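# Generate coordinates for the sequence data below:
(one chain, ligands or ions: 1)
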Amino acid sequence: MSRIFSGVQPTSIPTLGNYLGAMRNFAALQEGNECIYCIVDEHAITVPQDPAEIQKNIHNLAALYLAIGIDPKRSILFIQSEVPCHAQLGWIMQCTSTMGELERMTQFKDKSKGKQAIPAGLLTYPPLMAADILLYQTELVPVGADQKQHMELTRDLAERFNKKYGEVFTLPEPYIPPVGARIMSLAEPTKKMSKSDSNRKATIFTLDSEKDIIKKIKAATTDTEASIRYDRESKPGVSNLLDIFSLCTGRSIDELTTAYEGKGYGAFKADVAEAVVATLKPIQERYQQLIGSPELDQILDEGAEKAYEIAKKTLKAAEKALGIGRAN
Ligand code: AQP
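The predicted model follows:
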């Protein structure tokens, strides 16, 4: 049995990338493990958010977590800002990090590129993420490949703190799936699929209608070769669709390329779209039953209480090790 922690930002409706790369594993990992899942709203405000919009996204994400199979009887589901220990340990982790290592983070470089005034929170996002994970003495963190560098930093910070002040934190391991860890944009398949992509055609959202899914996949960028084979370098669009198809059906890439030999992109895309619709439909149906339910608030209240009980112990131990407050 392992302690699992992961989070999703309520920056929009989660994408097919968020689902296939991370959230799908959240549900599977509940079997035999102790899981804690978080709506990381403090991470979301590292870039400006509309208050009404983020409020809506928090509720939508809570319902979606349950719709993908997170069982609140087995797992803890809560909102990051409702457990103040995250911001508190986040500060301690900021004081454990150096500017140099934070400036080297690829996500910081990407998200700050071209910005006149860079929010300081974009730079200090990784120490807050480290705090999220370390507060729960987490052993395994299911994430997509884009979080690998932040996971390495989390381990470095935990190790640095432990060496200097004594063993407070468990060193977590990332759990990055072998396939699906990086679902690419449908419009620019050399770039990852993202919630905040301004081109809405680039991204499939988990709550997209059947019509929109079909339309977006039909318009997905491929190439002029007209052959369905897997090659991330020279055929990123087709390879991305093959990954999506394989993950949605459980059929291997080899099986799919054999089955579609000699067939055109039109027929292939139609079948990929059908597989995506079939994967998302049951989630969307459960989501519709849950979204207005008063049970949702109760689950989040209980989740925050349970999370706080665990988190406060680690925070206290870190403060005690540092000698701050009257912790001794
Ligand atoms: N394209 C992707 N393929 C596979 N996994 C992905 N993840 C994100 N994009 C892909 C994984 O989803 C989890 C939740 O992501 P997040 O909400 O914490 O933020 P993110 O990684 O920054 O995802 P987005 O969609 O790109 O959001 P925005 O646009 O708001 O920044 C993580 O485990 C992530 O690895």
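
# Those residues of this protein touching the ligand, which are they?
Residues of the chain found near the ligand (CB under 6 Å from any ligand atom) are 8-9, 11, 15, 17-18, 21-22, 143-144, 146-147, 181-183, 192-196. The C-beta positions use only the backbone N, C-alpha and C, and glycine is treated the same way.

# Drop anything exposed from those residues.
The neighbour-count test (16 or more other CB atoms under 10 Å) applied to the residues of the chain next to the ligand identifies 8-9, 11, 15, 17-18, 21-22, 143-144, 146-147, 181-183, 192-195 as buried.

# In strands, which of those fall?
V8 (DSSP state E).

# Mind checking which of the buried ones among the residues of the chain next to the ligand are in helices?
Here DSSP state H is the test, and those give 17-18 as lying in helices.

# ok, F245 touching K269?
No: in this structure, F245 is not within contact of K269 by CB atoms under 8 Å, at 9.7 Å.

# So for these two, which sits in the more crowded spot?
When F245 and K269 are compared for neighbours, F245 comes out ahead with 23 against 20, by other CB atoms under 10 Å.

# Same question for stretch 115-132: list its buried residues.
Within stretch 115-132, judged by 16+ other CB under 10 Å, the buried ones are 122-132.

# I310: which of those is nearest?
The closest of the buried residues of stretch 115-132 to I310 turns out to be D132 (CB to CB; 12.1 Å).

# now that closest one, what's its secondary structure?
Secondary structure assignment for D132 (DSSP: H, G, I helix; E, B strand; the rest coil): helix.

# isn't it right up against C38?
Yes: between D132 and C38 there is a contact under CB under 8 Å: 6.4 Å.

# overlap in contacts of the two?
Residues touching both D132 and C38 (CB atoms under 8 Å, 6 or more residues apart in numbering): 5, 7, 80.

# Buried by neighbour count, from those residues: which ones?
5, 7, 80.

# follow-up on the earlier one: could you dump the shared contacts of D132 and C38 to JSON lines with pLDDT and distance to I70?
Shown next, in JSON lines, are the shared contacts of D132 and C38 (pLDDT from 0 to 100; distance: CB to CB, whole Å):
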{"residue": "F5", "pLDDT": "98", "distance to I70": "13"}
{"residue": "G7", "pLDDT": "98", "distance to I70": "12"}
{"residue": "Q80", "pLDDT": "98", "distance to I70": "16"}
